[in-house]
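**Q** what's the 3D shape of this:
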Amino acid sequence: MAALNISSFINNTSQYQCKFNEDFKYILLPVSYGLVFIVGLVLNVIALYCILFRVKQWSPNTIYMINLTVCDTLYILTLPFLIYYYADKNDWPFTEGFCKLIRFLFYTNLYGSILFLSCISIHRFLGICHPVRSMQWVNARRARSVSILVWVIVLIFQAPMLYFSRTTNQVCHDTTSQDLFHYFVGYSSAISVILFVIPFATVLVCNGMMVRKLLEPTTIGGATSRRSKQKSVKMIVIVLLVFILCFLPFHLTRSLYYSFRYFKVNCTLLEGSNIAYKVTRPLASANSCIDPILYFMAGQGFRQSRVSERSRRDRERRNSKGKHRVIFSLINSYFHE
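**A** From the prediction side, this is the model:
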């Protein structure tokens, strides 16, 4: 049975009921998700191919990047089902178990992307701001351990979605059924703080300190140093844009909508927050198209010369004429990584 064009929100109290038109989402979401699916799938498949078949030796940054790419790819693969669902006006033709799985994968890979972007920022922060000390902390083995930990954290914190996700009258709820919404709001708020607010604050601090380090004057390296700094600044800008343009509006509008719905505000405010939340959902998906740019900006040429660069760095450490030249060599490698 096809869903009605007029969507309604009904809380636990029968006297409180809001009805508003959501026809716009039946065009907005299928079209935007369709574009993300096509563009994002192509870019991420290319990135996966390059990493798997062209990179012979994986650095810590490469390990985080491939995990990020896997998150984005798995996320993108859930979109065709949501495209069909919204194009058919909230008529879910599959089972409730499959609804649970799609919602679980959707948010698991979304928050996986956020955490791996945070790992990349922390890795660069350590390499640029603490190049000597970070040699003891940053290596491929630890990057693999951190990646496993990230997956475990995301899977554990998203597991409740398998319980909250429900289908009612052919509607695959993005939240949960009305009788569980009170509990879902608390869960969603905790997830937003743990898996978005804390990582976002960490990214802001790390990137801020990196920018301050990059702005410090240096007489070592010349044109190479300037090019390295410019590339590093560009990557910092991209990471911040992903968080500020893709993740921040989505989490703000979603929290606002859930809060208005929970506290039973008037229907005008509820409808406005609902529209804002639906409009920002495609922005959260767009990060899957932007993330591969981080890999392509890093430069495959550097990856192919990773071994020779490491050998050169070791020679400079053994035969260094001064501490500053060693530090510059270490920082320069992180600029390109």
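
**Q** residues of the longest helix seen in the chain that come out buried?
**A** When the chain is scanned for its longest helix (criterion: DSSP state H), the result is helix 96-129. Neighbour counts over helix 96-129 (16 or more other C-beta atoms under 10 Å) mark 99-129 as buried. For the C-beta atoms, the positions are set from N, CA and C on the backbone; glycine is no exception.

**Q** then stretch 155-164?
**A** Neighbour-count burial for stretch 155-164 [16+ other C-beta under 10 Å]: 157-158, 160-161, 164.

**Q** could you export that stretch as CSV, CA atoms only?
**A** Extracted C-alpha coordinates of stretch 155-164, given in CSV (Å, rounded to 0.1, in the frame of the first residue of the first chain):
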residue,chain,number,x,y,z
LEU,A,155,29.4,-1.4,15.6
ILE,A,156,28.8,-1.4,19.4
PHE,A,157,27.3,2.1,19.5
GLN,A,158,25.2,1.5,16.4
ALA,A,159,23.9,-2.0,17.4
PRO,A,160,20.8,-0.4,19.1
MET,A,161,19.6,0.7,15.7
LEU,A,162,18.9,-2.9,15.0
TYR,A,163,16.3,-2.7,17.8
PHE,A,164,15.0,0.8,17.3
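
**Q** show me the shaky parts of the stretch 1-150 of the chain.
**A** Scanning the stretch 1-150 of the chain for pLDDT under 70 picks out 1-16, 134.

**Q** swap in 80 and give it another go.
**A** For the stretch 1-150 of the chain, the stretches with pLDDT under 80 are 1-17, 20, 131-137.

**Q** show me where the stretch 101-250 of the chain has helices.
**A** Along the stretch 101-250 of the chain, the segments classed as helices by DSSP state H, counting those that start in this stretch run 134-137, 140-158, 161-164, 181-192, 198-214, 222-241, 248-262.

**Q** against which helices or strands is the longest one packed?
**A** Contact partners of helix 222-241 among helices and strands, from 3 or more C-beta pairs under 8 Å, 6 or more residues apart in numbering; DSSP states H and E: helix 96-129, helix 198-214, helix 267-298, helix 323-336.

**Q** and it, average pLDDT?
**A** The pLDDT scores in helix 222-241 average 74.

**Q** mind listing what's buried in it?
**A** 225, 228-229, 231-233, 235-236, 239-240.

**Q** which one of these sits closest to Asn21?
**A** Leu240 (35.6 Å; C-beta to C-beta).

**Q** look up how far Ser192 lies from the residue lying closest to the closest one once chain neighbours are set aside.
**A** In space, Leu240 comes closest to Asn207 once its chain neighbours are excluded; the distance is 6.0 Å by C-beta to C-beta, 6 or more residues apart in numbering. The gap separating Asn207 from Ser192 is 21 Å, by C-beta to C-beta, to the nearest Å.

**Q** check for me that Pro93 belongs to a helix.
**A** No: with DSSP: H, G, I helix; E, B strand; the rest coil as the criterion, Pro93 is coil rather than part of a helix.

**Q** can you count the residues close to it?
**A** Using other C-beta atoms under 10 Å, Pro93 has 11 neighbouring residues.

**Q** was I right to think Pro80 contacts Phe37?
**A** Yes: here Pro80 reaches Phe37: they are 6.4 Å apart, a contact under C-beta atoms under 8 Å.

**Q** more crowded one of these two?
**A** Taking other C-beta under 10 Å, Pro80 and Phe37 do not tie; Phe37 has more neighbours (20 against 14).

**Q** what helix or strand is that one on?
**A** helix 25-54 (DSSP states H and E).

**Q** of the buried residues of stretch 155-164, closest to Leu215?
**A** For the buried residues of stretch 155-164, the residue nearest Leu215 by C-beta to C-beta is Phe157; the value is 36.7 Å.

**Q** got the contact list for that closest one?
**A** 111, 191, 194-195 (C-beta atoms under 8 Å, 6 or more residues apart in numbering).

**Q** from Cys206, how far off is it?
**A** Remark: distance between Phe157 and Cys206 (C-beta to C-beta) = 22 Å.

**Q** ditto for Ile293
**A** Counting by C-beta to C-beta - Ile293 and Cys206 are separated by 19 Å.

**Q** so for those two, which residue has more residues nearby?
**A** Cys206 (22 against 16).
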